[in-house]
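A.B. asks: got a sequence here, can you model it:
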Amino acid sequence: MRSAPIFQPALNSSRTLPQRGACNDGLTFAAHYPADEYAASLASGGARLELWTDLPISQRSDASTSRATAWKAVPLLPLEASIDHSSGYAFAATVKCSDEAADGVFSFTYRILHPDGKIDWIGSPSNDGQIYLPSSEAPRYTIRQLVQPHSSTDLKLSEGETSPAEVRDTVTLACLTTTRRNTSASIAFSINATHVQSGLVVERTKSSWCTSRRLESLGEVSSDFGSNLIVLELSQSCGNEVLVILPVFDDGHPSARLVRSSCDGDIINFEIVGAGASHAKVSLALGTAGKLKEVIAACRTHAARSLRTSIHEPLGLSWSAKKTLDVDSSLSDVILPSVPFAYDEVESVDASFYSDSTAVDSADQSLSSASSMMLPSAGDDTPPTLQEADDVSTVNGDRTVQADTATQPPQARAGLGFCTWEAMQNEERRPYLSEVVAALEAAERRLGLGSIVALLIDDGWQDVVRGANDRGRLNSFDMDPEMLDLDDDLGLEEASDAADRSVLARYTAYIRKRFPAVRSIGCWMTLAGYWDGIHPDGPIAAGLSASLRRVRVEDPFRQASRDWYVQATELDMHLFWDRAFHFLRESGADFVKVDAQAEWEWIQEDACPDARTLNAAALGKAAFEAMEGAATRYFGSGGGVIHSMAFTSSLTNTLRTLSSQGMTIRCTDDFFPNIPEAHRHHLAHNVYSSLLLPHHLCDADMLSHCSSSNVDDRDYTGFHASFRAFTDARLWISDKADAPRHDSLRALVAPSTLSNEGAAVCVQASGSLMPESTFDELIGDSVGPALKMTVQHESTASATVGLWNLRASAETFDVQHVKQMLNKHDEVDRVANSLYTYYAVRSFRSGKIWLMTSEAEEQQEGASLGVKLPAGSWEVLTVSPLLTAMVEGVSVALLGATEHFMTPGAVPVVSIATAYPDKEGRRRSYLSQSRRPSHQRRRSTRSTSTSSLSPSIAAADAKQNEAALTTVAVDSLMQRSDGGARAVLLSLALVNGFFAVLQTTITGVSRAPGTGRGSMVRGRTPRVDIVDTVIGMLDKLQTLFVFGLLVLASWTSTLPSTSVKGVPKLSWLPFLDAKQTRHAEQVGLDDPTLRRVRLRPADVVATLKRCLTARTMVPLRECPISITHPPPSSPTPQSPLPDTPRTPTTPDVVFTALVDVAARLSFLVLCPTRDAIKTCKIDRTRYDTASTPWIRVEPVQLQGSVEAGKNAFRVEIDLEAWRDNQDETLVQTLSAPVSVSLGISSALV
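C.D. replies: Numbers count the residues shown, from 1 in each chain. Take a look at the predicted model:
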């Protein structure tokens, strides 16, 4: 029996597409047939698969009729570019709608046309697909049109409020509040369901977690579970608009939730219910789906402003104090000895004795002055920086939360962490030292020595007292002595500084001694201390100011009831957390994971409340603030706390996160490696739940090897590992000692940099959903689209795309275009100017390479890539531009690090240029005299920027006609004897001489007075820093002066007119943002106007950027200048013209990349022969590609794509092996990214 084909879009489906997008980008219809004889006949042309539609298709499209409004057939052509040809055949067609088309609903179906004229219809008229094309001129939705407040609710539109720049012109903000006449009422509003096409919701469905799901209609919003975020895709919208609904709450009051209350036909009613409903608000944002993350971020910022309030903090130890200093104080051996005391428990103290914020520190005389101060960062991450504008200010003695949130997203950390939970072999999963050491040693054998840089000691390490009916209560802050189970007592003693150190201190010291790469160690706790609080008869309780408070916890989700013992006063909460984190810090821990935070919401109010005690809601808020304040003092604010079991409205929809950024928050339930059904849901919840927290790091939980013995050998380990590369929180693995080796896990190991010993390159970045697939049904049981995420790398104009099949047992099928993978959805002209003509697409799993074009209207067969994934499968694609030079037949693309999913930031700059081989020796001598910035002169004897900039000497074919252009560089002006060249040289000499005098004068003045010839000045003085800054400014001014001189000397007042039909006249404006100037290259060389052209705009802009980045003038000396041949003239005896030797007109092609990663980099080179790829220059050394062991060149077969017209070769350079083969002195002097240049000889092209 033949398997059913897959169609996208599917029959009996409906979608809305803005008319502008349908006209500019078009609509893609695709199908996939399983590999059999029938599909083979379709692919070979025995029969033809067609789209049958009444869409108003443009006359340029390949349709069977010329009438735009009639039903017509469009053939679906076989796709040569497909991820897996063995799985079947893919067919696709992209049709563009007419610009004059009217808005309306149009239908489509599919059919097969046989050679004899017989037609097989795939569907019937009753299940035709529907496409609605709203006119671009139609009015957009408004919030007042969409949201109808009830009588107890006011709708306030935001007027004059500043939104983030990326959505300033496209987002509308509003807020729903209770009316002033009835402030005790709750918010209620209605939305018409006909305005909604689909949606997403994040709702409270578990005790301590929220889950996410897709909505087919507005009526599917739950009437029981509270919604923390609702995103609605609006139907019949001309701008692909979305409405974001975000309820926000005051966490100091009883809990409340947003639910669907009732339905009246198409009118869906919503309201805030719960004891704290009168203190809640609802923030609204109306924007576009293409900017969904930015729209949600703007909505959260607006919500924070609406909740701005004065918060009384009796002890002055606000949790929000963490935003006053952005440090990440990872512990090191240097900091550990600086805390010269041991922790001692103290007796109870009277809280009434203290009147200010010094109560905590003065309560215990054993606390040193270091206990409550910020410790400097000693970790492996970026240096700490002070925030320029804090979000906390003091007004009349009270602290007022400012809601402005920085728009810069937090950055991911480099390096793998190891969590003990899944890695432990014992039944209780307790982190015995012997098991932890064995698991770490095994992990380093599988992943590489030094691959683990952080350790998280999970549940089971604490000194806990367990009762018959409880889950355990914390007895002391120290570790259970049973965890030190190693017989190597000598090793433990050597690792300890003193015999009386704590058990935890000896434990962490042993780990650091045994594994020097582990620079950060953290410990697990709960917000109550342990699962059921603090042991009432233990030393911790004895050291507090009041007896512990017994509270009742009623969990409605788990149907469980428990008794907790917690601190009774705010003072005791601050005392507890200050002592706890002080002890952890002294014992070698530099971060914590705080679990079970959401369980505080289920604390019941006392039957006979005391006016002096905190209510249940205030109790949870006080505990959180005390914990955050202490964590800030001891661990810093840059990731000192991992918030777990906290993803509920009390954290995500309050000022705890609305007015802050950079917190690490678990946004899904636990990772279950041995439950097959949990894998796809884990990824889906991570993707959608992370939308709620755009300014924070969303942790996806630990990752461990997933057994595939009973699930058809599905690679769930790679499934999760590849997804983790698209997240931004620190990566944690938790593999047992006997876990097998897996290449996908190795792809998450951060490679080291070339320029800084000990530093690592991040291998992950926060991914974004592709806008057109945000509201797709991803976890259904039938065939459908895959989860698609993308990360854009602006510095190299490339992207990384991830695809995962989240469907139960069905396949996924998608057709991807270059614009989709690069997330280009702006205006047509802007997108066209920012795209290259060709892109190389590399598969991480198979290593196959496809060559695609961004010009879909010209070459359909190379514009689409079919991606079909079996159930449980995944793929990661690297999309890179194919760079071309003026030498015909040579193109190069950077394919990235072959052993990693991505390495963002590892290659900041790529360029391609031409160079004359006979001038290379003179150029090296010339560059060696160029001045480098002072920070490079101090650390290295090599130029860091000049060596990375290849010559950009362009060549022109002088044989076409005598009026053709000759392209030269500034150096080439020396060979000319005409007056224009002498004038340019003289001006350059005057400018350079003037700035040289200024720099010499400033350098001379900077010498310290009174220092003799033999004196030595230790360190750097402020004067030297100022001089370096001034000299750096002079470098840039000099660059700008010379740049202006060249433009004036070589650019005329008129721009070239193009002779290419259909191409608009060139101007400077498009080139400012363009990545490539295809239209400029199409101008004929015999155009009369071109005789006046001196500089191409693309060369001008690129040269200036390179000068400013390099802080040198070397790129200006290599800037290509086009000069017309002067008409031949007969020399006279009075004015002889000497013969000047000509420069060869066949330059070599040089592709250059600035690289700062010790990994294997791969390049795609298109050229006629292998011998043309002759040399590879790394730093200042040139290597022969045929004989160098760390350079490999091999032919590669480009998978069914556009015709390249030349042979393709993959060049792989192992920079780690290169560094290992260098002299140690040379490696130590590397102070900047290294220049890697491929030289392709023109003589063999």
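A.B. asks: low-scoring stretches of the stretch 651-800 of the chain, by residue?
C.D. replies: The model of the stretch 651-800 of the chain has pLDDT under 70 over residues 707-713, 757.
A.B. asks: what ranges do the helices span in it?
C.D. replies: Counting by DSSP state H, counting those that start in this stretch, the stretch 651-800 of the chain has helices at residues 655-658, 676-689, 716-724, 743-746.
A.B. asks: would JSON lines of these with mean neighbour count and distance to residue 850 be doable?
C.D. replies: The way it works is simple: take the backbone N, C-alpha and C, and place the C-beta from them, glycine included. Formatted as JSON lines, those follow (neighbours: other CB atoms under 10 Å; distance: least, CB to CB, whole Å):
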{"stretch": "helix 655-658", "mean neighbour count": "23", "distance to residue 850": "42"}
{"stretch": "helix 676-689", "mean neighbour count": "21", "distance to residue 850": "25"}
{"stretch": "helix 716-724", "mean neighbour count": "23", "distance to residue 850": "19"}
{"stretch": "helix 743-746", "mean neighbour count": "19", "distance to residue 850": "22"}
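A.B. asks: closest to residue 15 out of those helices?
C.D. replies: helix 676-689 (19.7 Å; CB to CB).
A.B. asks: which helices and strands does that closest one pack with?
C.D. replies: strand 196-204, strand 210-215, helix 716-724, strand 787-793 (3 or more CB pairs under 8 Å, 6 or more residues apart in numbering; DSSP states H and E).
A.B. asks: which secondary structure element is home to residue 513?
C.D. replies: helix 503-514 (DSSP states H and E).
A.B. asks: now do the buried residues in that helix.
C.D. replies: Within helix 503-514, the residues that count as buried by 16 or more other CB atoms under 10 Å are 503-512, 514.
A.B. asks: number of residues surrounding residue 115?
C.D. replies: Using other CB atoms under 10 Å, residue 115 has 9 other residues around it.
A.B. asks: and what of residue 138?
C.D. replies: 14.
A.B. asks: hang on, isn't it packed against residue 104?
C.D. replies: No - in this structure residue 138 lies outside contact range of residue 104 using CB atoms under 8 Å: 11.5 Å.
A.B. asks: of all the helices and strands packed on helix 676-689, which one is nearest residue 4?
C.D. replies: Short answer: strand 787-793, nearest of these by CB to CB, at 22.3 Å.
A.B. asks: what does the closest one contact?
C.D. replies: The contact list for strand 787-793 (CB atoms under 8 Å, 6 or more residues apart in numbering) reads 683-684, 687, 726, 765-770, 773, 778, 799-806, 814, 816, 821-823, 902, 904.
A.B. asks: could the C-alpha coordinates of it be exported in CSV?
C.D. replies: Taking Å, rounded to 0.1, in the frame of the first residue of the first chain, the C-alpha atoms of strand 787-793 are listed here in CSV:
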residue,chain,number,x,y,z
LEU,A,787,9.5,23.3,15.0
LYS,A,788,11.8,25.8,13.3
MET,A,789,14.1,28.2,15.1
THR,A,790,16.7,30.5,13.8
VAL,A,791,19.7,32.5,15.1
GLN,A,792,21.0,35.4,13.1
HIS,A,793,24.8,36.1,13.0
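A.B. asks: buried ones in it?
C.D. replies: So strand 787-793, judged by 16+ other CB under 10 Å, has buried residues 787-793.
A.B. asks: all strands of the stretch 351-500 of the chain, in order?
C.D. replies: Listed in chain order, the strands of the stretch 351-500 of the chain (DSSP state E, counting those that start in this stretch) span 392-395, 398-401, 416-419, 452-457, 462-465, 473-479.
A.B. asks: oops, could you answer that again for the stretch 51-200 of the chain instead?
C.D. replies: Under DSSP E, counting those that start in this stretch, the stretch 51-200 of the chain gives strands at 72-75, 77-78, 88-95, 104-113, 119-121, 129-133, 147-149, 153-157, 172-178, 188-192, 196-204.
A.B. asks: which one of those strands is the most hemmed in?
C.D. replies: strand 88-95 (a mean of 24; mean count of other CB atoms under 10 Å).
A.B. asks: what does that strand contact?
C.D. replies: Applying CB under 8 Å, 6+ apart, the external contacts of strand 88-95 come out as 26-35, 39-40, 42-43, 49, 51, 53, 55, 57-58, 61-63, 74-79, 82, 813, 815, 817, 856, 860, 863-864, 866, 868.
A.B. asks: that strand vs strand 104-113, what angle?
C.D. replies: Per axes from the mean of the first three to the mean of the last three CA atoms, to 10 degrees, the angle that strand 88-95 makes with strand 104-113 is 140 degrees.
A.B. asks: show me the shaky parts of the stretch 401-550 of the chain.
C.D. replies: 401-412, 487-499.
A.B. asks: quote the end-to-end distance of stretch 206-219.
C.D. replies: Using CA to CA, to the nearest Å, the end-to-end distance of stretch 206-219 comes out at 21 Å.
A.B. asks: buried stuff in it?
C.D. replies: In terms of neighbour count (16+ other CB under 10 Å), stretch 206-219 has its buried residues at 206-215, 218.
A.B. asks: dump those into TSV; add pLDDT and distance to residue 1194 as well.
C.D. replies: As requested, these are exported to TSV (pLDDT from 0 to 100; distance: CB to CB, whole Å):
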residue	pLDDT	distance to residue 1194
206	86	52
207	83	56
208	84	53
209	85	49
210	90	50
211	91	48
212	92	45
213	92	47
214	93	45
215	93	50
218	94	56
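A.B. asks: one step back: now the buried residues of helix 503-514 as a markdown table including distance to residue 694?
C.D. replies: Output for these, formatted as a markdown table (distance: CB to CB, whole Å):
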| residue | distance to residue 694 |
| --- | --- |
| 503 | 41 |
| 504 | 36 |
| 505 | 39 |
| 506 | 42 |
| 507 | 38 |
| 508 | 35 |
| 509 | 39 |
| 510 | 40 |
| 511 | 35 |
| 512 | 36 |
| 514 | 40 |
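A.B. asks: I'd like the helices of the stretch 651-800 of the chain written out as CSV, with distance to residue 1153 added.
C.D. replies: Below are the helices of the stretch 651-800 of the chain laid out as CSV (distance: least, CB to CB, whole Å):
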stretch, distance to residue 1153
helix 655-658, 39
helix 676-689, 32
helix 716-724, 25
helix 743-746, 23
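A.B. asks: of all those, which one is nearest residue 420?
C.D. replies: Residue 420 lies closest, by CB to CB, to one member of the helices of the stretch 651-800 of the chain: helix 743-746, at 17.1 Å.
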